[in-house]
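>>> Next input, structure requested:
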Amino acid sequence: MTTSPSLSRSSEDVDAVLAHEKSARLRNLIGTGLVALFVLACLWLTETLNGPRLAEGLPAIGVILGEMVPPDFTRWQRWLSPLLDTLAMSVAGTALAVALSLPLGFLAAQNTTPNTTTYHIARLILNILRSIPELIMGIIFVAAVGFGMLPGVLALGLHSVGMVGKFFAEAIEHAHPAPIEAAEATGASKLQVIQSSVFPQVFPQFGDVTMYRWEYNFRASTVMGMVGAGGIGTELVGSLRLLDYPQVGAILLVILGAVTLVDLLSTRLRRAFK
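Okay, here's the model as predicted:
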């Protein structure tokens with residue numbers, strides 16, 4: 001009894017699929033093992049796995065946390081203005097980031113950039129801004145323009161451009177090509193194509209990225225206060241320097257409440273964008 005050619009081909013196809021799946025599982029297993037080894041190496045190099053040192057330090061952390069209880073809210077009225085400054089700093093920094101990220105995002109996307117040189121220059125700018133921590137930028141701008149919210153806004157805004165612009169560019173590159181090709185077929189200019197075919201597709205993603213970055217910037221604004229950029233962080237670092245841990249605990253709870261409110265508002269705004 002002979003086997004039909006169709007059955008033979010079907011069996012070969014099944015064997016090929018099984019072999020491919022086995023090879024893929026092996027690659028995934030090897031990749032997971034390499035990542036695990038890399039993580040363990042980093043933990044070892046940073047002494048995170050130093051058990052005796054952790055055992056020695058944990059009780060001290062417990063003592064500090066114990067001294068924060070009960071939190072001292074007697075000066076809560078003095079924290080309202082710095083808290084509003086922190087909120088304003090995060091909003092202004094995010095607005096600055098979006099304003100600068102929009103043109104850079106379109107220049108850094110392969111399907112909307114004018115040429116290859118512009119693409120690489122825009123990507124380089126985003127990489128540079130993303131590679132400098134906002135804390136370092138804050139220190140630089142405090143030295144350049146003095147204390148206050150302005151250096152905080154500049155630091156948060158410029159650092160955010162690196163990440164927001166990157167996400168904008170990737171969203172633009174993933175835009176469906178059909179509407180773009182249809183607009184180009186009608187003889188529309190590059191700007192008209194972006195306005196009518198690209199931007200409507202990516203606007204919801206732009207909104208999501210903006211809201212997520214605003215949440216991040218609000219948390220980062222508290223750190224900006226520690227380097228002289230104003231806000232609630234100034235009150236926090238002042239209490240830490242005085243070793244007034246009950247007040248530190250109260251300020252941290254206030255920051256936690258503010259972050260929670262910002263998160264709830266951000267969630268509602270993201271739903272509105274969709």
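
>>> Just the element for residue 205, please.
In the assignment (DSSP states H and E), residue 205 maps to helix 199-226.

>>> what helices or strands is that helix leaning on?
Packing partners of helix 199-226 (3 or more Cβ pairs under 8 Å, 6 or more residues apart in numbering; DSSP states H and E): helix 76-107, helix 134-145, helix 149-173, helix 232-241, helix 245-273. C-betas here are computed from N, CA, C, even on glycine.

>>> Point out the most buried one among those.
Among the helices and strands packed on helix 199-226, the stretch with the highest mean neighbour count (mean count of other Cβ atoms under 10 Å) is helix 149-173, at a mean of 23.

>>> what's downstream of it, the next helix or strand?
Using DSSP H and E, the helix or strand that follows helix 149-173 towards the C-terminus is helix 177-185.

>>> quick one: that next one to helix 199-226, angle?
Relative orientation of helix 177-185 and helix 199-226, computed by axes from the mean of the first three to the mean of the last three Cα atoms, to 10 degrees: 110 degrees.

>>> count of residues packed around the closest residue to residue 266 other than its chain neighbours?
Excluding the flanking residues, the one nearest residue 266 by Cβ to Cβ, 6 or more residues apart in numbering is residue 211, at 4.4 Å. When neighbours are defined as other Cβ atoms under 10 Å, residue 211 has 22 of them.

>>> For residue 211, give its distance to residue 179.
Per Cβ to Cβ, to the nearest Å, residue 211 is found 25 Å from residue 179.

>>> what does residue 236 give?
Using Cβ to Cβ, residue 236 is found at 49 Å from residue 179.

>>> Tell me which residues of stretch 191-208 come out buried.
193, 194, 197, 198, 199, 202, 205, 206, 207, 208 (16 or more other Cβ atoms under 10 Å).

>>> what's the following helix or strand after the helix or strand containing residue 38?
Taking DSSP H and E as the definition, residue 38 sits inside helix 5-45. Following helix 5-45 in sequence order, the next helix or strand is helix 51-67 (DSSP H and E).

>>> Next, the angle from that next one to helix 245-273.
For helix 51-67 against helix 245-273, the angle by the same axes, to 10 degrees is 90 degrees.

>>> just checking, what packs against helix 51-67?
Counting by 3+ Cβ pairs under 8 Å, 6+ apart, helix 51-67 packs on helix 245-273.

>>> Could you measure from residue 35 over to residue 45?
Residue 35 is 16 Å from residue 45, by Cβ to Cβ.

>>> residues touching the residue lying closest to residue 196 once chain neighbours are set aside, list them.
Of all residues not flanking residue 196 in the chain, residue 183 sits nearest, at 5.6 Å (Cβ to Cβ, 6+ apart). Residue 183 makes contacts with 192, 193, 196, 197, as judged by Cβ atoms under 8 Å, 6 or more residues apart in numbering.

>>> Report the residue spans of the protein with pLDDT below the cut-off.
Residues of the chain that meet the criterion pLDDT under 70 lie in 1-18, 46-51, 53-54, 57, 273-274.
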